[in-house]
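Enquirer: have a look at this fold, sequence not included:
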Ligand code: TYD
């Protein structure tokens, strides 16, 4: 699936720990945008789409949630719950986020500016695009 859990630097300190991300160093793309998802009511799901081009790196800065990824054939679930690692999600993967804990905070860095045209929001269309790509 080309998905990768990436450990970030963690500077442990009695004053509190510190982690960071550098583009093209800890993550394999240049950062064009950062957004975050928070105040998710219990039981809600986010995502349910794929991106044509956008690559993302997703971190649970606080709390926990699950990422469910589907490449058109198989599904994988990743539970994120620490702020010193994250999941690299390449383009052309269907993804959903659910099981958010109370007060969880998902930080997402993306390789492109926001562009609704980059979204694939229909799962059947996503599968069609994946099948075309295989040919
Ligand atoms: P969407 O990406 O569908 O949310 P999620 O995948 O996290 O459930 O985005 C929800 C809405 O927010 C949609 O109308 C587009 C808008 N949006 C922006 O304007 N800029 C952004 O950077 C993002 C991620 C979303």
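Expert: Cool, got the structure. Source: prediction; values computed, not measured.

Enquirer: so the residue positioned nearest the centre of the chain: helix, strand or coil?
Expert: Most central in the chain under CA atoms, centre = their mean is residue 58, positioned 3.7 Å from the mean C-alpha point. Here residue 58 is strand, with the state taken from DSSP: H, G, I helix; E, B strand; the rest coil.

Enquirer: quick one: residues contacting it.
Expert: Residue 58 makes contact with 67, 80, 86-87, 89, 97, 106-108, according to CB atoms under 8 Å, 6 or more residues apart in numbering. (Glycine included, C-beta is placed from N, CA and C.)

Enquirer: dump those to CSV, plus distance to residue 14.
Expert: Converted to CSV, the contacts of residue 58 look like this (distance: CB to CB, whole Å):
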residue, distance to residue 14
67, 32
80, 26
86, 25
87, 29
89, 34
97, 34
106, 28
107, 25
108, 30
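
Enquirer: who does residue 75 bridge with?
Expert: Taking DSSP bridges, one obtains residue 70 as the residues bridged to residue 75.

Enquirer: now residue 36
Expert: Applying DSSP bridges, one finds that residue 36 bridges with residue 107.
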